[in-house]
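*Asks:* this one's structure only:
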């Protein structure tokens with residue numbers, strides 16, 4: 001870790017959303033100062049301002065970037081150009097243009113960043129945008145290490161695999177330089193930063209899925225009850241009743257629902273469409289524990305949606321995080337669905353900021 005007597009790293013947070021990257025840096029305990037944040041989403045900026053008492057900017061220029069004298073950039077650009085469900089237009093998608101423009105600015109700067117961190121969906125690593133990013137970083141003397149990791153691998157019962165790129169500009173280097181230029185799917189190098197970890201040459205996975213699940217906490221550790229003191233602040237109507245799944249939806253979509261129980265050690269990724277749609281948007285919670293699960297009808301399980309607070313818990317957001325009152329329930333799910341896992345990003349940032 002950087003010497004505590006040194007000046008803190010000056011950090012810019014691009015696509016700041018509801019503050020997941022900032023919370024990750026706080027949890028990582030790195031010696032960093034958040035100089036500025038940027039996002040064009042007014043609603044996300046409302047949430048960010050509510051929690052950090054600072055409103056992100058919506059525009060920036062190359063001159064602005066030099067003025068901030070920042071040496072670290074944290075970026076979580078739009079994922080829609082690279083999702084499996086989307087059109088997969090990659091760099092041809094208009095939503096990819098801002099990220100490419102930011103990368104193109106790097107060689108124009110008087111004070112370019114010395115470290116970068118990029119988060120996106122799985123699929124980004126095979127895109128033409130990724131090729132452009134790697135090329136620009138290489139031309140500007142950066143070394144990179146890339147990861148695909150999920151909260152599962154950090155003890156959180158939540159499937160949300162994401163792509164991450166960590167980059168350092170020479171002469172800076174990583175604690176494990178033998179992984180430079182590699183894409184890893186295991187978190188071990190983050191935990192033991194001075195020790196080389198043997199990686200499977202085929203898929204780079206050293207643990208089976210079942211072994212990973214055994215290390216996860218049960219979902220009940222992330223749930224709130226109707227008596228939870230902060231439920232009113234987090235849920236617009238202050239009641240768990242509004243999260244019950246209507247029987248009409250169970251009749252129509254029951255076969256497509258992913259059902260989990262309080263003692264389950266996994267649940268599916270929550271998307272921005274959770275609570276609006278059922279299929280493929282996230283797991284539903286059975287509030288009644290039957291003796292024989294596979295022989296119990298769905299109607300008997302008293303299914304409900306996870307609350308926004310519970311989704312935030314599974315994202316490892318701190319208990320202090322909350323939404324402003326004017327943000328509706330559906331908007332809360334959408335904002336959380338576009339956010340990131342603090343449980344994954346924090347150790348990645350700790351590794352990035354560490355000295356060899």
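*Replies:* Structure received. Every value quoted in this text rests on a predicted model; they were computed, and no experiment measured them.
*Asks:* which other residues reach the helix or strand where residue 24 lies?
*Replies:* Per DSSP states H and E, residue 24 falls inside helix 20-28. Helix 20-28 is contacted by residues 11, 13, 16, 32, 34, 37, 48, 52, 74, 76, 117, 119, 315-318, 321, 339-342, 345-350, 353 when judged by Cβ atoms under 8 Å, 6 or more residues apart in numbering. C-beta: built from backbone N, CA, C; applies to glycine.
*Asks:* In strands only, show me those residues.
*Replies:* 11, 13, 32, 34, 37, 74, 117, 119 (DSSP state E).
*Asks:* Now that we have these, which of them are buried?
*Replies:* 11, 13, 32, 34, 37, 74, 117, 119 (16 or more other Cβ atoms under 10 Å).
*Asks:* Please identify which of those is nearest to residue 141.
*Replies:* residue 117 (17.1 Å; Cβ to Cβ).
*Asks:* one step back: what's the angle from the helix holding residue 24 to strand 32-38?
*Replies:* 170 degrees (axes from the mean of the first three to the mean of the last three Cα atoms, to 10 degrees).
*Asks:* what is the rounded mean pLDDT of helix 20-28?
*Replies:* Here helix 20-28 scores 97 as its mean pLDDT.
*Asks:* before we move on, the earlier item: from the contacts of helix 20-28, list just the buried residues.
*Replies:* Of these, these count as buried by 16+ other Cβ under 10 Å: 11, 13, 16, 32, 34, 37, 48, 74, 76, 117, 119, 315-317, 321, 339-342, 345-350, 353.
*Asks:* Which parts of this protein are helices?
*Replies:* 20-28, 42-52, 62-68, 97-105, 128-139, 188-191, 209-214, 231-234, 247-253, 308-314, 329-337, 342-352 (DSSP state H).
*Asks:* those strands in the stretch 151-300 of the chain, which residues are they?
*Replies:* Applying DSSP state E, counting those that start in this stretch to the stretch 151-300 of the chain gives strands spanning 162-169, 183-184, 259-260, 284-286.
*Asks:* can you tell which of those is closest to residue 268?
*Replies:* Taking the strands of the stretch 151-300 of the chain one by one with Cβ to Cβ, strand 259-260 is closest: 8.1 Å.
*Asks:* Which strands or helices does the closest one pack on?
*Replies:* strand 284-286 (3 or more Cβ pairs under 8 Å, 6 or more residues apart in numbering; DSSP states H and E).
*Asks:* mind checking how far the strand it packs on is from the chain centre?
*Replies:* Here strand 284-286 is found 23 Å from its chain centre; the criterion is Cα atoms, centre = their mean, to the nearest Å.
*Asks:* lowest-confidence helix or strand of this protein?
*Replies:* helix 231-234 (a mean of 45; mean pLDDT, DSSP states H and E).
*Asks:* picking that back up, what inclination does the helix holding residue 24 have with respect to helix 342-352?
*Replies:* 70 degrees.
*Asks:* distance between helix 20-28 and the chain's centre?
*Replies:* Relative to its chain's centre, helix 20-28 lies at 11 Å (Cα atoms, centre = their mean).
*Asks:* before we move on, what about stretch 34-41?
*Replies:* 16 Å.
*Asks:* quick one: low-confidence parts of the chain?
*Replies:* 1-5, 80-96, 192-214, 225-238, 294-295 (pLDDT under 70).
*Asks:* Counting neighbours, what do you get for residue 61?
*Replies:* 9 (other Cβ atoms under 10 Å).
*Asks:* Residue 40 versus that one, what's the distance?
*Replies:* 15 Å (Cβ to Cβ, to the nearest Å).
*Asks:* Contacts only, for residue 79.
*Replies:* Taking Cβ under 8 Å, 6+ apart, one finds 120-121, 124, 338 in contact with residue 79.
*Asks:* Repeat that for residue 159.
*Replies:* Contacts of residue 159 (Cβ under 8 Å, 6+ apart): 150-152, 266-269.
*Asks:* Between those, identify the one with the most neighbours.
*Replies:* Result: residue 267 is most packed of the contacts of residue 159 (other Cβ under 10 Å), 27 neighbours.
*Asks:* wait, doesn't that residue sit right on residue 315?
*Replies:* No - using Cβ atoms under 8 Å, residue 267 makes no contact with residue 315, being 12.0 Å away.
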